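>>> heads up, no residue letters with this:
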């Protein structure tokens, strides 16, 4: 039983280490409404989630809009870049 618990702990640590964040970075180009609409469309946020992310980005300079592995986040990163949003995948 102890071996199983050790294996689970190791797997949990590996999962946490591999999780990345897709950050939305503040810019002076895009409007709040545009950012909100794109987050709803691309990231499937509710309006409330998208508005919250837009305000956090405005005041703090960045906001994590999604979490997952690099492979999961890369398509969203590419699409958001295509909409001229400033985004970054970080640890």
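Good, I have the coordinates. As the structure is a computational prediction, the values presented were derived from the model and not from experiment.

>>> C-alpha only now, for contacts and for neighbours.
OK.

>>> gap between the most centrally placed residue in the chain and residue 53?
By C-alpha atoms, centre = their mean, the chain has its centre lying nearest to residue 66, at 2.4 Å. According to C-alpha to C-alpha, to the nearest Å, residue 66 and residue 53 sit 10 Å apart.

>>> hmm, back to that, quick check: phi and psi on the residue nearest to the centre of the chain?
Dihedral pair for residue 66: phi -150, psi 160, per degrees, to the nearest 10.

>>> what sits opposite it in the beta ladder?
Under DSSP bridges, the beta-bridge partners of residue 66 are residue 22.

>>> show me what contacts it?
Residues near residue 66 by C-alpha atoms under 8 Å, 6 or more residues apart in numbering: 21-23, 43, 73.

>>> most neighbours of all those, which one?
In terms of neighbours by other C-alpha atoms under 10 Å, those top out with residue 22 at 24 neighbours.

>>> and that residue, how far from residue 57?
Taking C-alpha to C-alpha, one finds residue 22 at 12 Å from residue 57.

>>> same question for residue 28.
With C-alpha to C-alpha as the criterion, residue 28 and residue 57 are 11 Å apart.

>>> looking at these two now, which is surrounded by more residues?
Between residue 28 and residue 57, residue 57 has the larger neighbour count (other C-alpha under 10 Å), namely 19 against 6.

>>> show me what the strand or helix carrying that one is packed against.
Assigned by DSSP states H and E, residue 57 belongs to helix 47-60. Packing partners of helix 47-60 (3 or more C-alpha pairs under 8 Å, 6 or more residues apart in numbering; DSSP states H and E): helix 32-43, strand 62-68.

>>> residues in contact with the longest one?
It stands for helix 32-43. Residues outside helix 32-43 that contact it (C-alpha under 8 Å, 6+ apart) are 45-47, 50-51, 54, 65-66, 76, 79-80, 83, 85.

>>> 7 Å - rerun?
Under the criterion C-alpha atoms under 7 Å, 6 or more residues apart in numbering, residues 45-47, 50-51, 54, 76 lie in contact with helix 32-43.
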